[in-house]
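1. My questions are about this predicted structure, shown below with the sequence.
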Amino acid sequence: MKRISGIISYDGTGFSGYQVQPKQRTVQGELEKVLRRIHKGEYVKTTASGRTDAGVHAVGQVFHFDTGLSIEPGGWIRALNAQLPSDIRIVSMGNVHSDFHARFDVTEKEYRYRIFNGEHSHVFRRNYTYHIPYALDVEAMKQATSYFVGTHDFTSFCSTKSVVKNRVRTIYKLDLVEDADELVVIVKGNGFLYNMVRIIVGTLLDVGSGRITADILPPMMEAKDRNAAGKTAPAHGLYLWHVSY
């Protein structure tokens, strides 16, 4: 058996998230369906760097699986892309050591969140950006990003549905980049809790709109209470951008 790792991109609009769910269209479900076909009906389990929610997109999701087939990396890419739906693409494939694990070996993840800050909604961006029609204090938002960098207990910025007990995470970088009529939130860290990036974005938008000031972010974090932080920004603005090992 050989262990194969790949990078997969997908448009999350038409999926109920990455992870397999009964009677739901998922990215993992579509991928494993094609792998089963290639393996003549044999089930092939895939493991990803993490799950993404319904509507969330990925540019650089990483996965691995074990196979007894001898196919070179380019052949895997061609075989999978020929049978996968058009909203999923395999970007790269390669042989990895048998001990490699797409989830447990992650050292850093990068997410990006796109905010369309235009007066009127845009029909072709509605599934890929979060539309904010009013003016934002971008400089205040940029200043607020520094409060999230470092190692903190992010309980206040985690969904109450999370079952993870250890909610301490380290954010290495949190930038807000202006790109024409879009704001892009770029966040890198050693790991992220359920809805963590989206809640951070929602809180930064509260700063940008003047609903709160940045100086309340430290006590907000110290509260360890989801009700203390801002709303959860919609899924469709979020992208899993890159995974490092």
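-> Cool, got the structure.

2. gap between Gln21 and Lys224?
-> 30 Å (CB to CB, to the nearest Å). All C-beta spots, glycine's among them, are computed from the backbone N, C-alpha and C.

3. swap in Val123?
-> The value you get for Val123 to Lys224, if CB to CB is used, is 41 Å.

4. These two: which is more packed in?
-> Lys224 (14 against 7; other CB atoms under 10 Å).

5. Just the strands from this structure, written as ranges.
-> For the chain, the strands defined by DSSP state E occupy 2-10, 47-48, 57-67, 88-96, 108-116, 130-131, 150-153, 168-179, 182-189, 238-244.

6. can you list contacts of the fifth one?
-> By CB atoms under 8 Å, 6 or more residues apart in numbering, the residues outside strand 108-116 that reach it are 49-50, 60, 122, 125, 128-132, 172, 181-192, 197-198, 201, 205, 233, 237-244.

7. Which PyMOL command selects the buried ones in these?
-> Buried residues among the contacts of strand 108-116 (16 or more other CB atoms under 10 Å), as a PyMOL selection:
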select buried, resi 49+50+60+125+128+129+130+131+132+182+183+184+185+187+188+189+191+192+197+198+201+205+233+237+238+239+240+241+242+243
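
8. Which residue ranges make up the domains of this structure?
-> Following automatic domain parsing, one gets these domains for the chain: 2-96, 108-244.

9. Quick one: residues in contact with the lengthiest helix in the chain.
-> Secondary structure of the chain read by DSSP state H shows that its longest helix is helix 196-209. Here helix 196-209 makes contact (CB under 8 Å, 6+ apart) with 111, 113, 115, 130, 132, 134, 136-138, 140-141, 144-145, 148, 154, 156-159, 169, 174, 176, 185, 187, 212-214, 217, 220, 226, 229-235, 237-238.
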